[in-house]
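Trainee: Next one to model:
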Amino acid sequence: MLEGETIAAKKPRKMLTWVILLIVLVAFVFGVFYTWKLPPFTKKWQAVFLTNGQVYFGHLNPYFGSYAKLTNIYYLQVTQQLQPPDQPVPDIRLVKLGGELHGPEDVMYIMRDQILFWEYLRDDSRVVQGITQLLSQQR
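Mentor: Below you'll find the predicted structure:
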């Protein structure tokens, strides 16, 4: 306490210190959550490319912490014939997540550092057309 300083003079200084600390804390939190931005929630389909080479199609939603949330998930499944003819043609199918042996739910939480990049898919892409066709068969 400075000489001659009253108790009433200490209150504004203490309040100013708390306001500055609050501003620094808010700036830090916003900096952490917005340094690596993911797309906002949208109805458009996205392709999400992971570091392990897998690609998922779905809706990438905003995240909290170190995870991104993917819903309405589809992926490509490639199968080869066991005894291929002269020129084997792989069978590529679009698969809805959830029918696998382990029975996953239609939501995936992906660590942000496992996402290489994501991109929006056009409505005329073959993947979106395939998803639309699968969705119409479910109705």
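Trainee: switch to C-alpha atoms for all contacts and neighbour counts from now on
Mentor: Fine.
Trainee: thinking V48 is in contact with F117, fair?
Mentor: Yes - when contacts are counted by CA atoms under 8 Å, V48 is listed as touching F117 (6.3 Å).
Trainee: Looking at those two, which is more packed in?
Mentor: Set side by side, V48 and F117 show more neighbours around V48, with 20 against 13, by other CA atoms under 10 Å.
Trainee: So which residues make contact with the helix or strand where that one lies?
Mentor: Using DSSP states H and E, V48 maps to strand 46-50. For strand 46-50, the external contacting residues (CA atoms under 8 Å, 6 or more residues apart in numbering) are 55-60, 114-121.
Trainee: go with 10 Å
Mentor: 39, 54-60, 70, 73-75, 110-122, 127-128 (CA atoms under 10 Å, 6 or more residues apart in numbering).
Trainee: can you give me the helices in this protein?
Mentor: Secondary structure of the chain by DSSP state H: the helices cover 7-34, 126-138.
Trainee: Can you tell me which of these has the worst average pLDDT?
Mentor: Mean pLDDT values for those show the minimum at helix 7-34, a mean of 71.
Trainee: ok so, going back, neighbouring strands - and their directions - for the strand holding V48?
Mentor: strand 55-61 (antiparallel), strand 115-120 (antiparallel) (DSSP bridges).
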